[in-house]
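> got a predicted structure plus its sequence, pasted below:
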Amino acid sequence: MSTTDGRPEGPGPSEHTEAVTEGPRPESLVAVVPPAHTVARPAPTPGRKSWRLKALLGVTVLLLGFGVYEYVTLPEAEPLVRENPKSTALMDRRAEEAREAGKKVRRRHQWVSLTSISKHAIAAVLVSEDAGFYGHEGLDTTEVRKALEEAWAKRQLGRGASTITQQLAKNLWLSTDRSLFRKAKELVLAHRLEEALTKKRILALYLNVVEWGNGVYGIEAGAREHFGVSAAQLSVAQGAILAAMLPAPRKRSPSSGSRALWKRSHWIVDQLSSVGRISGAEATTARADIDRLLGRTPAADSGGADEGADDDA
C-alpha cells in the first residue's frame, strides 16, 4: 500500500522502535566480563627470568666463595705439636671485657705437663666433659644424639655435647657466641686438631688453657687459686670439684655456695667409682671431702632450687 505522497506504506518510527526493544538481544551483543580472580597475570618475560637466575647464581657463588675463604684461612693445628700458645682467643676476649668494664686485666696461667697433673683430676675431667674422648675423632655422635633427645624432652637446650677437642678449638681460636657459623668452624678446627695431634697432646693443651675462674686459666693455676696446691697434689674431691666447675667456672667457684657445683661434684665421684677409677673407700672419703670443702651436706641441702640453669654452652 502506498501513501498519498507515493512512498510505500510501512510501520511508523514508534512501531519500529518497539519491535527492536521487545525482541531478544543477540548473544554477540552481551559483554562477558570474567571474574576478577580468573584474570591471569602476564607471564614473566624471558628477560626477567634470566635476571632472577643470574641473581640466584651470583648469591650462590658468593656464599661458596665466602665458605672456601673461611675454610682456607682457619688456623692450622700443626704448630701446636711442639709449641704451646702464648695466649688464646678466650684469654684475649676476657681481657677485652675487663678493659671495657674499666677493670684491671687479671691472668693467672702456668703450663704443666700431663704427667704433672693428678691422675684423679684428669679422670674427673674426662668423665665430666668427654667420657668417650679416646674413642672419637673430634665429634661424639652418641653424646650429640643424647643432648638432642634431652633438649626435645625438656623443650629447652641443656648441657652441650661438645667434646674436649671442640672445646679446645673454641678456646684457642674462636669467639664465645653460639652461632651456627661459629659451630661449623669449631667442627672444622676440631678435625684439624685430631688430624695433627695425639690424644694426649690435645688433652694436655685443653687442661692448660681451659678457664677455671675469673682470670684463671689451666689446671695448675686453678688448683693453686681454689685449693692452694699444685695440680699434681689435687685429691679426688678437689679434682671432682674443678671438673664440676666446667663449663661455667666463673659462676661455680668453690666459694660461691653453688648447689649445682656440689651436686655435680658428687655425681663425678659416683662416675669415677662406677668405672673403677677409684675404690669404694676412696669414693666415700671424696664425698665427705666435697661436703667439707663446699660447706654443704645432704641434710642441709634438702631444699632450694637447682642451679643447673647456670650452665654455659
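Looks like it came in fine.
> for the rest of this, base every contact and every neighbour count on C-alpha atoms.
Noted.
> which stretches of the chain form helices?
13-22, 46-73, 89-100, 119-129, 141-154, 164-173, 180-196, 199-209, 219-227, 236-245, 259-274, 280-294 (DSSP state H).
> residue ranges with poor pLDDT in the stretch 51-200 of the chain?
54-72, 143-144, 147-152, 154-161 (pLDDT under 70).
> hmm, back to that, so which of the helices of the chain is the most packed in?
By mean neighbour count, with neighbours taken as mean count of other Cα atoms under 10 Å, helix 236-245 ranks first of these at a mean of 27.
> tell me which residues are up against that helix.
Residues from elsewhere that reach helix 236-245 (Cα atoms under 8 Å, 6 or more residues apart in numbering): 118, 120-122, 124-125, 128-129, 212, 222-223, 227, 252-254, 261-262, 264-266, 268-269, 282, 286-287, 289-290.
> tilt between it and helix 119-129?
30 degrees (axes from the mean of the first three to the mean of the last three Cα atoms, to 10 degrees).
> tell me the contacts of Asp291?
So Asp291 contacts Trp262, Thr297 (Cα under 8 Å, 6+ apart).
> that one and Lys251: what is the separation?
Asp291 sits 19 Å away from Lys251, going by Cα to Cα, to the nearest Å.
> check Ser118 too.
24 Å.
> and if you look at Val81?
33 Å.
> of the two, who's got more company?
Lys251 (19 against 14; other Cα atoms under 10 Å).
> phi, psi of that one?
The phi/psi pair for Lys251 (degrees, to the nearest 10) reads phi -100, psi -30.
> so Ala204 makes contact with Ile117?
No - using Cα atoms under 8 Å, Ala204 is not in contact with Ile117, being 9.4 Å away.
> residues in contact with Asp270?
Ala283.
> model confidence score at it, please.
Asp270 carries a pLDDT score of 98 in this model.
> from Val81, how far out is it?
35 Å.
> with Gly276 instead?
From Gly276 to Val81 the distance is 32 Å (Cα to Cα).
> and Gln238, by the same measure?
For Gln238 relative to Val81 (Cα to Cα), the value is 30 Å.
> equivalent analysis for Pro75, please.
From Pro75 over to Val81 (counting by Cα to Cα), the distance is 14 Å.
> quick check: closest non-adjacent residue to Arg93.
Spatially, and ignoring its direct neighbours in sequence, Arg93 is nearest to Ser175 (7.8 Å; Cα to Cα, 6 or more residues apart in numbering).
> correct me, but the one you found touches Met91?
No - under the criterion of Cα under 8 Å, Ser175 makes no contact with Met91, lying 10.5 Å away.
> check contacts around Leu172.
Ser87, Thr88, Ala89, Leu90, Val209.
> touching, the third one and Ser175? I think so.
Yes - the pair Ala89 and Ser175 qualifies as a contact (Cα under 8 Å) at a distance of 6.8 Å.
> CA atoms only: put stretch 249-267 into PDB for me.
The C-alpha trace of stretch 249-267 is given here as PDB (Å, rounded to 0.1, in the frame of the first residue of the first chain):
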ATOM      1  CA  PRO A 249      83.700 -21.700  86.100                       C
ATOM      2  CA  ARG A 250      83.000 -18.100  86.800                       C
ATOM      3  CA  LYS A 251      79.600 -18.900  88.200                       C
ATOM      4  CA  ARG A 252      80.500 -22.100  90.000                       C
ATOM      5  CA  SER A 253      83.600 -21.300  92.100                       C
ATOM      6  CA  PRO A 254      84.000 -23.300  95.300                       C
ATOM      7  CA  SER A 255      83.300 -20.200  97.400                       C
ATOM      8  CA  SER A 256      80.100 -19.400  95.500                       C
ATOM      9  CA  GLY A 257      77.900 -21.800  97.500                       C
ATOM     10  CA  SER A 258      76.600 -23.200  94.200                       C
ATOM     11  CA  ARG A 259      74.200 -26.200  94.800                       C
ATOM     12  CA  ALA A 260      74.800 -27.200  91.200                       C
ATOM     13  CA  LEU A 261      78.600 -27.400  91.800                       C
ATOM     14  CA  TRP A 262      78.000 -29.600  94.900                       C
ATOM     15  CA  LYS A 263      75.600 -32.000  93.100                       C
ATOM     16  CA  ARG A 264      77.900 -32.300  90.100                       C
ATOM     17  CA  SER A 265      80.900 -33.000  92.200                       C
ATOM     18  CA  HIS A 266      79.200 -35.900  93.900                       C
ATOM     19  CA  TRP A 267      78.000 -37.200  90.500                       C
END
